[in-house]
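S.K.: Output the structure for:
(one chain, ligands or ions: 1)
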Amino acid sequence: MSSGTTPAVTVVGLGPMGRAMAGAFLDRGYAVTLWNRTASRADALVARGAVLAPSVEEALSANEVVVLSLTDHAAMYDVLRPAEHALEGRVLVNLGSDTPDRTRTAARWAAERGAAQLSGGVAASPAEIGLAGSMTFYSGPRAVFDEHRAALEVITGRVEFHGEDPGFAALLYQIGMTMFWTSMLGYWQAVALARANGLTATDILAHATDTADSLSGFFAFYASRVDAGEHVGDVDRLAMGTASAEHVLRTHSDAGVDTALPSAVAGIFRRGMAADHAADSFSSLVEVMARPEA
Ligand code: NDP
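M.R.: Prediction:
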């Protein structure tokens, strides 16, 4: 990982994430080698002292630790296949998002070429890279994680190791993104409804924030009950929730905004009613959602 006393790393992929990561390594005094399909994205980093390798092969050969910040694993194969003979002995810190299964396949592919893959799910935005509070989930070979922990902590101040299954970090990442995308779409939907009624996103900011903040209390209340399969209905009966979901849907259609998202939500509540959960907690929807729609 180091040339002489200077720690060194290669970063492949210079989208917003890869550029932030390379910048964080430069901030911490690393010798940084770069490669990107669009070479010009390296300009500002080269001006700060990074070296742009003329080929992927030379970027891989420059350092043991190679951080991959590519869109997905298809991009990774596109980039690495032409230079795969240079993978022997490398540690691939694979921070591109993809499915757990594809991440396991990528780890096998790397191992067959003599490289070790650490899979990472970065739970941070580019602006948070290099900051103490930011966090990445890792899984893969424990010894490799331990040996290179200092470099990983340059990328995000916190790192969590989650076992040797290379797909597990990807699973944790996709769990987080499942919540992030659906929650943010819920927010955009609320903003669309507010707009249709003459309100701005700023007007509803406090209300939206209070609503989002209340969710963690629901998670804490339901987690152990859901794990135990307990869906005893009280103030949270599915029948009440279904009526509410229909009100939400009707409010959106009355306002003339798109109803795809509230329709999908009401549809899931209706499936719960059809499965005889009317008197159960609306947490019973997790049983409906745990299998594909018939
Ligand atoms: P981008 O998709 O903007 O950029 C990724 C890089 O992939 C670019 O350097 C791009 O090259 C390269 N690339 C894509 N396809 C190919 C290909 N076929 N061949 C060669 N190079 C290719 O992603 P980000 O930088 O935003 O993110 C990187 C990864 O980190 C993604 O998997 C993302 O999901 C994940 N992530 C991103 C976050 C974010 O907030 N942005 C947050 C957490 C994780 P070129 O410059 O030539 O286009």
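S.K.: Smallest gap between the stretch 1-150 of the chain and the ligand, at which residue?
M.R.: Using CB to the nearest ligand atom, Gly15 is the residue of the stretch 1-150 of the chain that sits closest to the ligand, at 2.2 Å. All C-beta spots, glycine's among them, are computed from the backbone N, C-alpha and C.
S.K.: which non-adjacent residue is nearest that residue?
M.R.: Spatial nearest neighbour of Gly15, chain neighbours left out: Ser69 (6.5 Å); criterion: CB to CB, 6 or more residues apart in numbering.
S.K.: Can you show me the helices along the stretch 151-294 of the chain?
M.R.: Secondary structure of the stretch 151-294 of the chain (DSSP state H, counting those that start in this stretch): helices at 168-196, 205-227, 238-255, 260-274, 285-289.
S.K.: quick one, which of these is nearest to the ligand?
M.R.: helix 168-196 (7.5 Å).
S.K.: now the angle from that closest one to helix 260-274?
M.R.: 110 degrees (axes from the mean of the first three to the mean of the last three CA atoms, to 10 degrees).
S.K.: neighbouring contacts of stretch 201-215?
M.R.: The contact list for stretch 201-215 (CB atoms under 8 Å, 6 or more residues apart in numbering) reads 183, 187, 190-191, 194-195.
S.K.: if we can go back for a sec, in this structure the residue nearest to Gly15 contacts Thr10, no?
M.R.: No. If you go by CB atoms under 8 Å, Ser69 and Thr10 don't touch, sitting 11.0 Å apart.
S.K.: Let's verify Gly121: helix, strand, or coil?
M.R.: strand (DSSP: H, G, I helix; E, B strand; the rest coil).
S.K.: Not counting sequence-adjacent ones, nearest residue to it?
M.R.: Closest to Gly121 by CB to CB, 6+ apart is Tyr173, at 2.7 Å.
S.K.: what's the answer for Glu153, then?
M.R.: Using CB to CB, 6+ apart, the nearest residue to Glu153 is Val159, at 5.7 Å.
S.K.: From the structure, what's the count of residues near that neighbour?
M.R.: 21 (other CB atoms under 10 Å).
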